[in-house]
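Turn this into a structure:
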Amino acid sequence: MKITIIGTGNIGSAIALGLAKGSMFVAPDITCTDMSEQALDNVRKPGCDFVLSMNNIEAVKDADIIILAVKPWKVESVVNEIKTAIDYEKQIVVSIAAGVTFKDLALYFAKDDDILPAIFRVIPNTAIAVCSSMTFISAYRASDEQSALVSRIFRELGNVMLVEERLMAAGTSLASSGIAFALRYIRAAIEGGVELGFYPQEAQSIVVNTVKGAIDLLIENKSNPEAEIDKVTTPGGITIRGLNEMEVSGFTASVIRGLKAST
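Below is the predicted model of the structure:
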């Protein structure tokens, strides 16, 4: 199986490098394209002998799966460039571009015969760079087997959830923007740790490992956050006082408002 990734920015290069470490692809089966030699340097790593190209048309001809990892405003021009070289009945198209809908993609890929390829919208987050993404996938004109294949590919790069397209914007807010929200909490807690007397490096180590421990508890115990919070909040204790003070300052409401604002 061969895969072509058009665009070797942060996400495109992370997908290529992550897949080359997995079990489904070897580097020579992965073609990476970009119009910039400097961008192609993102995937020039020792031991990663990807096929590198500046010719999108040639790059897509033998691919089983074509990933569009370009900026949203470039999608239409890239599709117009490659669509005559794509076999719509055999090849699968995956778009990483946020905000470019199936309606848009169907319009871009349209030909005179009304046939369209199987199209997927995929929204990962930046943790894809360490194969720990929370990735959302929606399918259009795709079979169950094709959906299973695309899901399997992106499970090489983290966790996957198949959703209806109407939930893609919400998923972007919760997981893609959510990375920034989680990191903002971590940064705030580090600053608090410094105010409490720790050096910045010490505070960061404490906070990062504490957050990791909280996540591990939820995963291992298959519990919800409130159940784990209850184990820490003894009556009259310091933890419940801290939580209540955060709520007075609007902690939960601020998180929810931020999520809604980013959809």
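
Just give me the longest strand of this structure.
strand 133-140 (DSSP state E).

Which other helices and strands does it contact?
If you count contacts as 3 or more C-beta pairs under 8 Å, 6 or more residues apart in numbering; DSSP states H and E, strand 133-140 packs onto helix 102-109, strand 118-123, helix 144-155, strand 158-162, helix 168-171. All C-beta atoms are positioned from the backbone trio N, CA, C, and that covers glycine.

can the ones you listed go into TSV with extra columns for mean neighbour count and distance to E202?
Converted to TSV, the helices and strands packed on strand 133-140 look like this (neighbours: other C-beta atoms under 10 Å; distance: least, C-beta to C-beta, whole Å):
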stretch	mean neighbour count	distance to E202
helix 102-109	16	49
strand 118-123	24	36
helix 144-155	16	36
strand 158-162	16	29
helix 168-171	18	35
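
export those to TSV and tack on mean pLDDT?
TSV is the format used below for those (pLDDT from 0 to 100):
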stretch	mean pLDDT
helix 102-109	96
strand 118-123	97
helix 144-155	97
strand 158-162	97
helix 168-171	94
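
Now do S36, the pLDDT please.
pLDDT recorded at S36 is 88.

and the gap between it and G9?
Distance, S36 to G9, using C-beta to C-beta, to the nearest Å: 10 Å.

more crowded one of these two?
Taking neighbours as other C-beta atoms under 10 Å, S36 and G9 compare with G9 leading, 15 against 11.

Report the spatially closest residue to N80, excluding sequence-adjacent ones.
With sequence-adjacent residues excluded and distances taken as C-beta to C-beta, 6 or more residues apart in numbering, N80 is closest to Y108, at 7.0 Å.

could you list every residue that touches that neighbour?
Y108 makes contact with 75-76, 79-80, 83 under the criterion C-beta atoms under 8 Å, 6 or more residues apart in numbering.

List the contacts of the longest helix along the chain.
Counting by DSSP state H, the longest helix found in the chain is helix 200-221. Here helix 200-221 makes contact (C-beta under 8 Å, 6+ apart) with 182, 185-186, 189-194, 198, 223-225, 227-228.

10 Å - rerun?
182-183, 185-199, 223-225, 227-229, 231-232 (C-beta atoms under 10 Å, 6 or more residues apart in numbering).

So F198, which state does it fall into?
With DSSP: H, G, I helix; E, B strand; the rest coil as the basis, F198 sits in coil.

before we move on, back to that, the helices and strands packed on strand 133-140 into TSV, with extra columns for distance to S177?
TSV is the format used below for these (distance: least, C-beta to C-beta, whole Å):
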stretch	distance to S177
helix 102-109	21
strand 118-123	11
helix 144-155	19
strand 158-162	16
helix 168-171	10
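
out of those, nearest to V43?
Among the helices and strands packed on strand 133-140, the nearest to V43 by C-beta to C-beta is helix 144-155 (17.0 Å).

which strands and helices sit next to that closest one?
Helix 144-155 sits against helix 10-21, strand 65-68, strand 92-95, strand 118-123, strand 133-140, strand 158-162, with contacts defined as 3 or more C-beta pairs under 10 Å, 6 or more residues apart in numbering; DSSP states H and E.

Please identify which of these is closest to A169.
Shortest separation from A169 across the helices and strands packed on helix 144-155 is recorded for strand 118-123, at 9.0 Å, computed as C-beta to C-beta.
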